[in-house]
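Visitor: My questions are about this predicted structure, shown below with the sequence.
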Amino acid sequence: MSHLVFRVFLCRADNYGVLINDTATGKTVSIDAPDASVIMAELDKSGWSLTHILTTHHHSDHVEGNIALKKRFACTIMGPKSEADLIPAIDQQVGGGDLLSWAGHTIGVMDCPGHTKGHIAYHMPSEAVVFAGDTLFSLGCGRVFEGTMDEMYRSVSQFKKLPKETRLYCGHEYTLSNARFALSVEPGNVNLQERAAEVNERRARHQLTCPSTIGAELAANPFLRTDSPEIRTVLEMNGETDAKVFAELRRRKDVFK
Ligand code: ZN
Ligand code: FE
């Protein structure tokens, strides 16, 4: 019976490293490669040998470890085909709708343009887990660098359709500042208040806030709650489209202190 073991840890300042080991086959995948030495140390601690890297997008804080990890483990690197020329040592180019097979598990690829043009996410339905990179964060979403606000709205909205119990792994530990922004636009949301208190406590104890779940995000993440009457009132955007509310939230978050 195959069984997956997850290890989550911080890399660099606030990037998440995620390693998953399949106990039946010994295969181990890293979600992105923010820091080769930290990832190698985690692998050594666990006695795991890296077989795959799943890349979400080309930003250096997600691919910087590719070459060094490949040198040591000869691992297979998969990543988004539309920005493949920016992913060091990429072996396999994938895109939205592709179904990958890893250690007997099916992984679906979701196109998520916005943060970067070719950003992708990885969904493993059998384990109820999704790796969202810098598209959807716990209580927030990624900055829109290369795509349009409309693209980012559609990319983020795809996650609403996943089963609520799906565990959400994201690219950064930004939850504390995301919670402060979320409270500024939906102060009366009790689910958000409880979540913010929990996040404050966890971070004060240097614990991680990853993974979240899609259900928890639907209840508290403003970027998934553009239909909230309170958010629309705070933004003075009653009667506007969800995409416009989303774009305004994102613009406000960009300058939020
Ligand atoms: Zn990024
Ligand atoms: Fe990043």
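Guide: Arrived safely, thanks for sending. Ligands and ions are numbered 1, 2, ... in the order given.

Visitor: Pull the number of nearby residues for the residue nearest to residue 214 when sequence neighbours are not counted.
Guide: Distances taken as CB to CB, 6 or more residues apart in numbering put residue 166 closest to residue 214, at 4.4 Å, once the chain neighbours are dropped. C-beta: built from backbone N, CA, C; applies to glycine. Here the number of neighbours of residue 166 (other CB atoms under 10 Å) works out to 20.

Visitor: quick one: residue 166 and residue 127 touch, right?
Guide: No. Between residue 166 and residue 127 there is no contact under CB atoms under 8 Å: 9.2 Å.

Visitor: ok, now which ones touch the residue nearest to residue 214?
Guide: Going by CB atoms under 8 Å, 6 or more residues apart in numbering, residue 166 touches 123, 128-130, 213-214.

Visitor: and what of residue 111?
Guide: Counting by CB under 8 Å, 6+ apart, residue 111 touches 95-97, 119-120, 155.

Visitor: who wins for most neighbours among these?
Guide: Among the contacts of residue 111, residue 119 has the most neighbours (other CB under 10 Å), with 32 neighbours.

Visitor: So that one sits against residue 131, correct?
Guide: No. Contact criterion CB under 8 Å: residue 119 and residue 131 do not qualify, at 11.6 Å.

Visitor: list the residues that contact both of those two?
Guide: The contact sets of residue 119 and residue 131 overlap at residue 56 (CB under 8 Å, 6+ apart).

Visitor: So for stretch 42-55, what gets flagged as buried?
Guide: 42-43, 48, 50-55 (16 or more other CB atoms under 10 Å).

Visitor: do the same with stretch 235-251
Guide: In stretch 235-251, counting by 16+ other CB under 10 Å, buried: 235, 237, 243-250.

Visitor: Between the residues you listed, which sits nearest residue 226?
Guide: Proximity of the buried residues of stretch 235-251 to residue 226 (CB to CB) peaks at residue 245, which lies at 4.0 Å.

Visitor: List the residues that contact that closest one.
Guide: 226, 231-232, 235, 237 are the contacts of residue 245 under CB under 8 Å, 6+ apart.

Visitor: ok, now with 6 Å
Guide: With contact set as CB atoms under 6 Å, 6 or more residues apart in numbering, residue 245 has these partners: 226, 237.

Visitor: now do residue 129
Guide: Contacts of residue 129 by CB under 6 Å, 6+ apart are residue 167.

Visitor: so what's the backbone phi/psi at it?
Guide: phi -140, psi 140 (degrees, to the nearest 10).

Visitor: what pLDDT does it get?
Guide: As summarised for this prediction, residue 129 has a pLDDT of 98.

Visitor: can you tell me how far it sits from residue 24?
Guide: Remark: distance between residue 129 and residue 24 (CB to CB, to the nearest Å) = 17 Å.

Visitor: Just put the buried residues of stretch 235-251 in a markdown table and tack on secondary structure, distance to ligand 2 and pLDDT.
Guide: Shown next, in a markdown table, are the buried residues of stretch 235-251 (DSSP: H, G, I helix; E, B strand; the rest coil; distance: CB to the ion, whole Å; pLDDT from 0 to 100):
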| residue | secondary structure | distance to ligand 2 | pLDDT |
| --- | --- | --- | --- |
| 235 | coil | 27 | 98 |
| 237 | coil | 29 | 98 |
| 243 | helix | 24 | 98 |
| 244 | helix | 26 | 98 |
| 245 | helix | 25 | 98 |
| 246 | helix | 20 | 98 |
| 247 | helix | 21 | 98 |
| 248 | helix | 23 | 98 |
| 249 | helix | 19 | 98 |
| 250 | helix | 16 | 98 |
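
Visitor: Tell me the residues of the chain that contact ligand 2?
Guide: 61, 134, 171 (CB under 5 Å from the ion).

Visitor: between these, which has the most around it?
Guide: Neighbour counts for the residues of the chain next to ligand 2 (other CB under 10 Å) peak at residue 171, which has 28 neighbours.
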